[in-house]
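>>> next come a sequence and a model predicted from it.
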Amino acid sequence: MVIATHDVPRAYEPLSQTALPQRILYPPDVLEYAWYVSLIYAFLSQAWGVEIPWVGNVLRVFIAVGCVVSIWAQAGAVYKPITLALCTGALAIAIQLFFHKESSDAWHEGIDLVVWMATLVTVQALSLRPQFLKRFALVALGIGFASLPFIEVRTVGKVMRAWAFGTGIGNPNTLGMWFGFCVVYLVCWGLRAQSLTSRIIAWSVGVGCFYVVAISVSRAPLVASILACLVGLRSVMKRAFVPIFSLGLLICVVIISGAFDNEIGYYTSRGTEETGREVIWRTALDRFYDSPWIGSGLGDIRVSRGGGRFINPHNGPLHIALGAGVFPLICFMGYLTKAVVGAFRIMRRIDEGEAILLPPLVVFALIEIMVLDYTFMFPWAVVVLGLAAKGGETTVSQKG
């Protein structure tokens, strides 16, 4: 395999210098595009009727191996920012194997963790390639658009919500989360676009994505999108009044047109509902206190909601704590902390390149991780947190 070496572009110097060599070994193009194909297959193969069991997962593991081999000479520096995330998965699997009974649920959770670790390894290697975040965002947007034909609006309780049946983002919460990521990226990228045409296109597509978030009637993606966009506006508020005003005007025109009237009513209806998360989280914490060191096992994560119903804890850290105990939890929280610290340092020190888009995306990811179980395993979350953690790592090196 022939691997090209290139100088680091100026926009990437703050994220790459010091922690990595000045000349970086990039993974070959084929690995990046193969990974995108594997994502498209994973999220759309069932809807398209071409799903073959195990193919997607095996493909992603092979791609991860290829990425490690392609950057082996600098693997230590590349993977240092996500060491705690890899430890989280490895410890959870080891604790399950040594201390808990085997079950089908545990088996599926273990596979999910392996695929997550493979995604971590792949993303961290591919992030060496210039404009990786941009290309990934376009692929994520393409997956979202490809799911639109499968969207159906159905009544759940007294609320109409959108489901993308058969796709990997079919659940309303997951659908809203996926398109929420696209909204935040497009809004923040549009603010920094050099041409008016690019800005108009980005914001127009962003408004369309926001409509999908709205019809999912999922509160967390809606709130997370708004808060993340506000973080994105922070650094340009003083010198970009006209673009910000234009964006606000566009949103107002769409809302005034009546496009969101029904959705606003559905959110009002859901706002009076008891989400149950407060009860679920208390119950989950009680279960964690009963077995803090090794958890209850990957096959016994769900908690009772009463009436013989069991549900996942709807919280990433609690999900890990219930499944494998305190040590994987500590590693996972360290991984999130590293990403947060990296995002803060990027906000303070980096004014150009893709890195400036990371702080609002990290805000969005953290909110979603705290209200849904598997958010941290989704490719967009792995990309955002991994890049942010790398930004913090290299900034520390520069400071020293």
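Received, thanks.

>>> going forward, measure contacts and count neighbours with C-alpha atoms only.
Will do.

>>> show me the shaky parts of the stretch 151-300 of the chain.
Low-confidence segments of the stretch 151-300 of the chain (pLDDT under 70): 157, 235-278.

>>> just the strands in the stretch 51-200 of the chain please.
151-156, 159-164 (DSSP state E, counting those that start in this stretch).

>>> now those in a markdown table, please, with extra columns for mean neighbour count.
As requested, the strands of the stretch 51-200 of the chain are exported to a markdown table (neighbours: other Cα atoms under 10 Å):
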| stretch | mean neighbour count |
| --- | --- |
| strand 151-156 | 13 |
| strand 159-164 | 21 |
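
>>> looking at these, which is nearest to Leu298?
strand 159-164 (27.4 Å; Cα to Cα).

>>> name the helices or strands packed onto that closest one?
In terms of contacts (3 or more Cα pairs under 8 Å, 6 or more residues apart in numbering; DSSP states H and E), strand 159-164 is packed against strand 151-156, helix 172-191, helix 196-216, helix 261-271.

>>> would TSV of the strands of the stretch 51-200 of the chain with distance to Ala42 be doable?
Listed next are those as TSV, based on distance: least, Cα to Cα, whole Å:
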stretch	distance to Ala42
strand 151-156	17
strand 159-164	14
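
>>> Phe43: which of these is closest?
Among the strands of the stretch 51-200 of the chain, the nearest to Phe43 by Cα to Cα is strand 159-164 (10.8 Å).

>>> adjacent strands (with direction) for the closest one?
Here the strand partners of strand 159-164, with direction, are listed using DSSP bridges: strand 151-156 (antiparallel).

>>> how far is the partner strand from where the chain is centred?
Chain-centre distance of strand 151-156: 24 Å, with Cα atoms, centre = their mean, to the nearest Å.

>>> need the contact partners of it.
With contact meaning Cα atoms under 8 Å, 6 or more residues apart in numbering, strand 151-156 is reached by 160-165, 215.

>>> could you do stretch 96-116 as well?
Contacts for stretch 96-116 (Cα under 8 Å, 6+ apart): 57, 60-61, 89, 93, 294, 296-300, 324, 377-378.

>>> re the thing from before, who wins for proximity to Leu128 among the strands of the stretch 51-200 of the chain?
Closest among those, using Cα to Cα: strand 159-164, at 33.0 Å.

>>> could you check the angle that closest one makes with helix 196-216?
Per axes from the mean of the first three to the mean of the last three Cα atoms, to 10 degrees, the angle that strand 159-164 makes with helix 196-216 is 120 degrees.

>>> and strand 159-164, how far out from the chain middle?
22 Å.

>>> what of stretch 209-216?
From the chain centre to the centre of stretch 209-216 is a distance of 17 Å (Cα atoms, centre = their mean).

>>> what are the buried residues along that stretch?
Buried residues in stretch 209-216, counted by 16 or more other Cα atoms under 10 Å: 209-216.

>>> thinking again about what came up before, looking at the strands of the stretch 51-200 of the chain, spot the one closest to Val37.
strand 159-164 (19.9 Å).

>>> output that closest one as PDB - backbone C-alpha positions only.
Taking Å, rounded to 0.1, in the frame of the first residue of the first chain, the C-alpha atoms of strand 159-164 are listed here in PDB:
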ATOM      1  CA  VAL A 159     -49.100  13.700  19.200                       C
ATOM      2  CA  MET A 160     -48.200  13.300  15.500                       C
ATOM      3  CA  ARG A 161     -44.500  12.400  15.100                       C
ATOM      4  CA  ALA A 162     -42.300  11.500  12.100                       C
ATOM      5  CA  TRP A 163     -40.700   8.100  11.800                       C
ATOM      6  CA  ALA A 164     -38.200   7.100   9.100                       C
END
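
>>> neighbours around Thr375, how many?
By other Cα atoms under 10 Å, 23 other residues sit near Thr375.

>>> report the separation between the closest residue in space to it that isn't next to it in sequence and Val382.
Leaving aside its chain neighbours, Thr375 sits nearest to Ile369 (5.2 Å; criterion: Cα to Cα, 6 or more residues apart in numbering). Per Cα to Cα, to the nearest Å, Ile369 is found 11 Å from Val382.

>>> now Arg309
Distance, Arg309 to Val382, by Cα to Cα: 31 Å.

>>> so which of those two has more stuff around it?
Between Arg309 and Val382, counted using other Cα under 10 Å, the more crowded position is Val382 (24 against 9).

>>> return the residues in contact with that one.
119-120, 123, 376.

>>> could you report the pLDDT at it?
With respect to pLDDT, Val382 scores 97.

>>> wait, a strand at it?
No: residue state for Val382 (DSSP: H, G, I helix; E, B strand; the rest coil) corresponds to helix; a strand is not indicated.

>>> how close does it sit to Lys158?
35 Å.

>>> what about the stretch 301-400 of the chain, any weak spots by pLDDT?
Checking the stretch 301-400 of the chain against pLDDT under 70 turns up 306-307, 350-352, 392-400.

>>> many thanks, have a good one.
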